[in-house]
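Peer 1: dropping a prediction and its sequence here:
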Amino acid sequence: MQTIHWYPGHMAKAKRQLTDLIQYLDIIIEIRDARLPLISHNQDLEPLLKKRPNLVLLNKTDLADPEVTGRWSDWFAGKGVSVVQVNGRNGQGVQAIWPKLTQQFAGKQTPRALRIGVVGIPNVGKSSILNRITGSGSAKTGNLPGVTRGKQWIKRNGFEILDMPGLLPPKINNQEDGIKLALIGTIREEIIPTYDLALVLLENYGEQLFGWSKERIVFEHIEEKLQWYAKKRGFLLKGGAIDLNRGASALLNDFRNGQLGRISLELPPLDSGAESSSIAPAPR
Ligand SMILES: Nc1nc2c(ncn2[C@@H]2O[C@H](COP(=O)(O)OP(=O)(O)OP(=O)(O)O)[C@@H](O)[C@H]2O)c(=O)[nH]1
């Protein structure tokens, strides 16, 4: 697989914009993907995020293994980090944000309402969550000084929420993290081709997703796994050959939509800090 260049220029711009935005905020809600709670965070930005985000939301819980997400919640609690499990698509869990915020910030004497911003890496669900937390019952307060023109603070439950999410550039420490981010759709196809990514998915998670060994299905070569999937989906070309490219795209879409089941791609680190899961590149 080709070497991946992790830090395109637009991400440098995102970091500058985030720096501008954060100065107006008292409270930062950082959204992470429940399937990758550490890898979907950018530890380089911790100083910028005022050392630590004040509240972490584990989003897309409907796509993650619930047992593993529960272990993550315990792991974060053990580190003293407030976490709420949410689903930005149907709003599940979002109401639990308010008592957490109130509990954490109640009693702080401020001359004005505390200001909240939502941040996270690409595609993690920032807009979906923002729409949920600023939903019905909120009142727009109009443009306030210090906020980008056209952006508004929205009053909700005694807080003011900025109606514009902040984009965190993803931090990609190594090839394995990059692949996992690509699998959840953070890193685009230009960087890791769909076909290659589909093979990596099948190599590393195929057995877990499809239980081949129980069915006594054996493959000689990685591409046979893709052939199996494309055939199962009925993707045939004229003349009867299997359409592997279509199979690869469908596989990734099905995986990202949760149609292949709920799966977590990262486990809480062991106490030593070592990663407890690893990924192998697909041989070609
Ligand atoms: N299954 C599932 N999908 C979700 C959830 N939250 C958001 N999505 C979907 O994830 C995709 C990205 O959501 P957005 O809210 O646009 O994410 P974003 O972080 O604002 O994205 P960018 O603007 O690209 O950075 C959309 O297709 C959403 O419908 C969730 O909890 N579960």
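Peer 2: Sure thing, it's come through.
Peer 1: contacts only, for the nearest residue to Gln43 once chain neighbours are set aside.
Peer 2: Leaving out its chain neighbours, the residue that sits closest to Gln43 by Cβ to Cβ, 6 or more residues apart in numbering is Lys171, at 6.3 Å. Every residue, glycine included, has its C-beta placed from N, CA and C. The neighbourhood of Lys171, defined by Cβ atoms under 8 Å, 6 or more residues apart in numbering, consists of His41, Asn42, Gln43, Asp44, Leu45.
Peer 1: from the residues you listed, which is closest to Phe219?
Peer 2: Ranked by distance to Phe219 (Cβ to Cβ), these are led by His41 at 35.2 Å.
Peer 1: measure that closest one to the ligand for me?
Peer 2: For His41, the distance to the ligand (Cβ to the nearest ligand atom, to the nearest Å) stands at 14 Å.
Peer 1: how about Gln227?
Peer 2: 28 Å.
Peer 1: and that residue, how many neighbours?
Peer 2: 18 (other Cβ atoms under 10 Å).
Peer 1: helix or strand for it, which one?
Peer 2: Assigning secondary structure by DSSP states H and E places Gln227 in helix 222-232.
Peer 1: per-domain residue ranges of the chain.
Peer 2: Residue ranges for the domains of the chain, per automatic domain parsing: 4-163, 193-256.
Peer 1: need the ones you listed in JSON lines (columns: mean pLDDT).
Peer 2: As requested, those are exported to JSON lines (pLDDT from 0 to 100):
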{"stretch": "domain 4-163", "mean pLDDT": "85"}
{"stretch": "domain 193-256", "mean pLDDT": "95"}
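Peer 1: where does Val118 land in three-state SS?
Peer 2: strand (DSSP: H, G, I helix; E, B strand; the rest coil).
Peer 1: tell me the bridge partners for it.
Peer 2: Beta-bridge partners of Val118, counted by DSSP bridges, are Ile29.
Peer 1: Lys126 versus that one, what's the distance?
Peer 2: 5 Å (Cβ to Cβ, to the nearest Å).
Peer 1: joint contacts of the two?
Peer 2: Common contacts of Val118 and Lys126 (Cβ under 8 Å, 6+ apart): Ile31, Pro165, Gly166.
Peer 1: of these, which is the most crowded?
Peer 2: Neighbour counts for the shared contacts of Val118 and Lys126, by other Cβ under 10 Å, peak at Ile31, which reaches 28 neighbours.
Peer 1: how far does stretch 96-114 sit from its chain's centre?
Peer 2: Offset of stretch 96-114 from its chain centre (Cα atoms, centre = their mean, to the nearest Å): 26 Å.
Peer 1: pull the contacting residues for the residue sitting nearest the centre point of the chain.
Peer 2: For the chain, the residue lying nearest the average C-alpha position, counting by Cα atoms, centre = their mean, turns out to be Asp33 (2.9 Å). Remark: with contacts taken as Cβ under 8 Å, 6+ apart, Asp33 is in contact with Ser40, Leu58, Asn59, Lys60, Ala64, Ile121, Val124, Gly125, Ile184, Thr186.
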